[in-house]
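Undergrad: Next comes the sequence, and after it the predicted model I'd like to discuss.
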Amino acid sequence: MNDLQKRLLVILKVFAQVCEKHNLRYFLNGGTCLGAIRHKGFIPWDDDVDVMMPREDYEKFLTLQDEFKGTPYFIQSWKSDRHYIYGFTKLRDSSSTFIEDFYKNHRINHGIWIDIFPIDGMSKKPIERSKCAKRVRYIWLNTYLAYLPALTRKVHKETLFKDILLNIVGGLFKIFDINHYRNKKMDKYANKYKIEESALSGNLFGFTFKKAAMDSDIFSDYVYVDFEDTKLRVMKRYDDYLKNIFGDYMKFPPLKDQQGHHHNKGFSLTEGYEKYMKEHKL
């Protein structure tokens with residue numbers, strides 16, 4: 001493990017402990033699940049952690065900030081962090097810093113994080129999974145619109161007209177709180193079908209689109225597997241899950257694709273994001 005992965009593992013363990021304490025269901029998700037099965041830990045080049053929770057458990061987790069009292073951990077959602085834009089949640093370590101490129105203008109908690117996704121019902125009928133992709137794309141269309149407040153910037157003589165125009169667009173989104181309106185709509189939309197009543201379920205807030213919808217029974221039970229120096233939960237039918245997402249998941253990708261996908265404008269394992277941003281005038 002590299003130093004970032006070691007820090008991510010600490011956050012992941014803290015998350016799992018709270019879930020165990022409150023009997024909340026969770027599963028390792030995406031590349032983190034793949035890493036657990038193929039590498040018994042992190043994919044060597046991975047730079048993030050993804051977990052997923054059935055919507056009912058996910059909503060309960062959002063209410064548990066008091067569990068982290070006296071610690072640097074912060075449950076970041078659009079409800080708890082005013083300028084956070086996504087419909088899914090992050091558990092942040094506020095004593096560290098990782099400012100993603102596309103977040104650099106958002107005044108949010110920028111601590112190192114793990115992603116927490118809700119699992120939602122997608123269809124009551126076993127229709128073609130590609131039809132569910134439209135629901136995922138609709139979610140992400142709204143998510144991309146939420147980047148608009150980040151358009152606000154300092155006005156420069158050389159780009160005067162452009163800067164003023166972008167400030168107007170970004171400012172209107174802030175003034176009318178469009179992001180919160182959007183997120184309320186997305187929550188209602190995502191909650192349209194309950195997992196227990198659905199033939200197909202999955203992660204509406206991921207990037208898998210056509211691969212997101214799968215047999216709801218996949219999320220009905222879990223097993224513990226090795227992940228570095230601990231044991232964590234994956235779907236009991238993890239083989240079906242991973243084949244849905246990755247196909248031949250035991251096969252390594254080409255060397256050119258063996259790299260992380262999060263780029264930053266500021267990073268520190270030892271300095272909290274507030275102090276870091278102040279010192280670097282971000």
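TA: Right, received. Where do you want to start?

Undergrad: where in the stretch 51-200 of the chain is pLDDT low?
TA: The stretch 51-200 of the chain contains residues with pLDDT under 70 at 146-153, 170, 173-179.

Undergrad: now for the helix or strand containing V169, which elements pack on it?
TA: V169 is part of helix 160-175, with elements assigned from DSSP states H and E. Using 3 or more Cβ pairs under 8 Å, 6 or more residues apart in numbering; DSSP states H and E as the contact test, no helix or strand touches helix 160-175. (C-beta placed from N, C-alpha, C; glycine too.)

Undergrad: where along the stretch 1-150 of the chain do the helices fall?
TA: In the stretch 1-150 of the chain, the helices defined using DSSP state H, counting those that start in this stretch lie at 3-21, 30-38, 55-61, 129-145.

Undergrad: ok, now the stretch 151-282 of the chain?
TA: Along the stretch 151-282 of the chain, counting by DSSP H, counting those that start in this stretch, helices occupy 160-175, 178-190, 238-246, 273-279.

Undergrad: How about residues contacting the shortest one?
TA: With contacts defined as Cβ atoms under 8 Å, 6 or more residues apart in numbering, helix 273-279 is touched by 94, 96-99, 109-111, 266, 268, 271, 282.

Undergrad: List the buried residues of stretch 101-116.
TA: Neighbour counts over stretch 101-116 (16 or more other Cβ atoms under 10 Å) mark 103, 105-106, 108-116 as buried.

Undergrad: got TSV for these, with distance to K188 too?
TA: Shown next, in TSV, are the buried residues of stretch 101-116 (distance: Cβ to Cβ, whole Å):
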residue	distance to K188
Y103	25
N105	28
H106	24
I108	23
N109	25
H110	29
G111	29
I112	31
W113	25
I114	26
D115	22
I116	19
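
Undergrad: nearest to N167, of the residues you listed?
TA: Within the buried residues of stretch 101-116, the smallest distance to N167 is 11.3 Å, found for N105 (Cβ to Cβ).

Undergrad: How much space separates that closest one from D93?
TA: 22 Å (Cβ to Cβ, to the nearest Å).

Undergrad: how close does S123 get to R129?
TA: Using Cβ to Cβ, S123 is found at 9 Å from R129.

Undergrad: Quick check: neighbours shared by the two?
TA: 200, 213.
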